[in-house]
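1. prediction below, plus the sequence it came from.
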Amino acid sequence: MAWTPDDIPDLTGRVAVVTGGNGGLGLVCVHELARAGAHVVMAARDQDKARVAEEQVRARNPQASTGITALDLGSLASVASAAAAIQQAHPRVDLLINNAGVMAMPRRTTEDGFEMQFGIDHLGHFALTAQLLPALLRTPAARVVTVTSTARFGGGPVDPADPHLTRGYGPWRAYARAKWANYHFGLGLQRQFERAGLRAQSNIAHPGLSNTDLQSRTVREGGAGWLGAGSEVLAKRSGMPAALGARPQLRAATDPSSRGGELYAPRFASNGAAVRRPVLRRWDLERRIAELWALSERETGVVLDVART
């Protein structure tokens, strides 16, 4: 039997945080986690959109317990403020889904001067996870899920000497690098949990080809060329609806049989039921994770060390 949200166990009393929870895959996650009984914090930049999304969730489920926190992943100050606000309201956080992201946009920089895709998709989530660790580790078996993409195969290690692609920028190259970073971040966080002897888990998920606003936004931004237009058409014609595309990350977040460090994805790469997929472990995996960690701490000024939390 294929996994569906009906397989999510009872989450009553749990607190979940979903970045980008005001639309697309994130909004599906908010709805399904709330339906299972969790209190879900929608961490999002666009507060008006978040309020409309929250109304939609409650219209479908009047018993839903939700909240909204302002989060701009392109601003380290906003990340710190969001983490503080979440922990003030919820001293314990059971689940964090690092879902928000941008794709293949023209070269831009964040408030802190980071290349925007790397800054939002990876560095913002790195800093948020680090600053939510105290609340996550107060729970007996917290989970962190980070969303990657098959685009990671087109990326590669981030150059510490030029992490923000001041030379040779390309929208799709930058996106692939960011998704490569998401993948290695998820694995690295699991290693930290294991070394500290914790039951907490870090998993990775990719949604395959899902028909959300991500492709349309890429086209609206105007920097992805014919490949961006083609991906939008393909998503509309053959992509999974958001309700199906969100299943890998929902399963990564809630499957009781998960052992941590696992990858959840559509069965047929871009489409299909949410299943566990093999995690490809290159010979230099540990070195790449260590390099990414050092770079991320250097750029954000935030230390992510589970053993010291």
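-> Noted; the coordinates are in hand.
2. helix or strand for residue 105, which one?
-> Using DSSP states H and E, residue 105 is not contained in any helix or strand.
3. count of neighbours near it?
-> By other Cβ atoms under 10 Å, 20 other residues sit near residue 105. C-beta coordinates here come from the backbone N, C-alpha and C atoms, glycine included.
4. and what of residue 8?
-> Residues near residue 8, counting by other Cβ under 10 Å: 20.
5. residue contacts, it?
-> Listed by Cβ atoms under 8 Å, 6 or more residues apart in numbering, the contact set of residue 8 reads 32, 33, 35, 36, 250, 254.
6. my read is that the fourth one contacts residue 9, right?
-> Read it as residue 36. Yes - the pair residue 36 / residue 9 is scored as a contact, 7.1 Å apart, by Cβ atoms under 8 Å.
7. not counting sequence-adjacent ones, nearest residue to residue 52?
-> residue 22 (7.7 Å; Cβ to Cβ, 6 or more residues apart in numbering).
8. where does the one you found land in three-state SS?
-> coil (DSSP: H, G, I helix; E, B strand; the rest coil).
9. ok, it to residue 283 distance?
-> According to Cβ to Cβ, to the nearest Å, residue 22 stands 41 Å off from residue 283.
10. these two - which one has more neighbours?
-> Counted by other Cβ under 10 Å, residue 22 and residue 283 do not tie: residue 22 has more neighbours, with 26 against 6.
11. dihedrals phi and psi, that one?
-> Note on residue 22: its backbone torsions stand at phi -100, psi 10 [degrees, to the nearest 10].
12. what's the neighbour count on residue 269?
-> Neighbours of residue 269 (other Cβ under 10 Å): 12.
13. repeat that for residue 77.
-> 10.
14. thinking it is in contact with residue 124, fair?
-> No - Residue 77 is not in contact with residue 124 according to Cβ under 8 Å; the separation is 11.2 Å.
15. now do the strands in the stretch 201-309 of the chain.
-> Counting by DSSP state E, counting those that start in this stretch, one finds strands in the stretch 201-309 of the chain at the ranges 201-205, 210-211, 240-241, 263-266, 274-277.
16. from those strands, which stretch is densest packed?
-> Mean neighbour count, computed with mean count of other Cβ atoms under 10 Å, is highest for strand 201-205 among the strands of the stretch 201-309 of the chain, reaching a mean of 27.
17. so which elements touch that one?
-> strand 143-147, helix 171-195, helix 247-254, strand 263-266 (3 or more Cβ pairs under 8 Å, 6 or more residues apart in numbering; DSSP states H and E).
18. wait, which of these is closest to residue 59?
-> Residue 59 sits nearest to helix 247-254 of all the helices and strands packed on strand 201-205, at 20.4 Å, using Cβ to Cβ.
19. that's a helix at residue 77, yeah?
-> Yes - counting by three-state DSSP, residue 77 is part of a helix.
20. tell me how far it lies from residue 278.
-> Taken as Cβ to Cβ, the span from residue 77 to residue 278 is 39 Å.
21. so, low pLDDT: which residues of the protein?
-> 210-239 (pLDDT under 70).
22. tell me where it has helices.
-> 24-35, 47-60, 76-89, 116-117, 125-136, 171-195, 213-221, 225-238, 242-245, 247-254, 285-300 (DSSP state H).
23. the longest one vs helix 285-300, what angle?
-> This means helix 171-195. Orientation of helix 171-195 against helix 285-300 (axes from the mean of the first three to the mean of the last three Cα atoms, to 10 degrees) gives an angle of 110 degrees.
24. could you give the angle of helix 171-195 to strand 143-147?
-> 160 degrees.
25. relative to helix 247-254, how tilted is helix 171-195?
-> Going by the same axes, to 10 degrees, helix 171-195 makes 20 degrees with helix 247-254.
26. what helices or strands is helix 171-195 leaning on?
-> helix 116-117, helix 125-136, strand 143-147, strand 201-205, helix 225-238, helix 285-300.
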